[in-house]
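**Q** no sequence for this one, just the structure:
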């Protein structure tokens, strides 16, 4: 169950947990840093799903996947759509049973051996 201070993504606790887990998985997505950032922002409550969909901030990251989905889904028969819906429900049920993914942690990497860090102490950061 989500902390009381965290944003809720559904009034139904099971749906909320599944959506949160999907966002947690997306937040560690290395293939799309923009989508990972969006997921982290949603999880932190700094943006809402409505803001994501009504702003252009993440449009370039979302548009290719939405277009691909529309093309794929538009080509399915009614029977195939029903089959895909059932597969989707099963996947959500499996996800609901998984433990929560811990938040991604940023780790500082040590520089390679022999690397000399540039000294910025003599620079003015005001001009």
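**A** That came in fine, so what should we check first? All values reported here derive from a predicted model rather than from experimental measurement.
**Q** for the record, mean pLDDT for the longest helix anywhere in the chain?
**A** In the chain, taking DSSP state H as the definition, the longest helix is helix 78-97. What helix 78-97 shows for mean pLDDT is 89.
**Q** in the strand or helix carrying residue 65, what counts as buried?
**A** Using DSSP states H and E, residue 65 sits in helix 59-74. Across helix 59-74, burial judged by 16 or more other C-beta atoms under 10 Å covers 61, 62. Where you see a C-beta, it was placed from the backbone N, CA and C, and this is true even at glycine.
**Q** before we move on, the earlier item: between the longest helix of the chain and helix 59-74, how many degrees?
**A** 130 degrees (axes from the mean of the first three to the mean of the last three C-alpha atoms, to 10 degrees).
**Q** quick revisit: what helices or strands is the helix holding residue 65 leaning on?
**A** Judged by 3 or more C-beta pairs under 8 Å, 6 or more residues apart in numbering; DSSP states H and E, the packing partners of helix 59-74 are helix 33-44.
**Q** give me the angle between the helix it packs on and helix 59-74.
**A** Using the same axes, to 10 degrees: helix 33-44 against helix 59-74 is 90 degrees.
**Q** tell me what helix 33-44 is packed against?
**A** Using 3+ C-beta pairs under 8 Å, 6+ apart: helix 33-44 touches helix 13-27, helix 49-54, helix 59-74.
**Q** as a whole number, average confidence for that helix?
**A** pLDDT averaged over helix 33-44 gives 92.
**Q** contacts for the helix holding residue 65, please.
**A** 32, 34, 35, 38, 52, 81, 84 (C-beta atoms under 8 Å, 6 or more residues apart in numbering).
**Q** so which elements touch the longest helix of the chain?
**A** helix 13-27.
**Q** quick check: mean pLDDT of the helix holding residue 65?
**A** 91.
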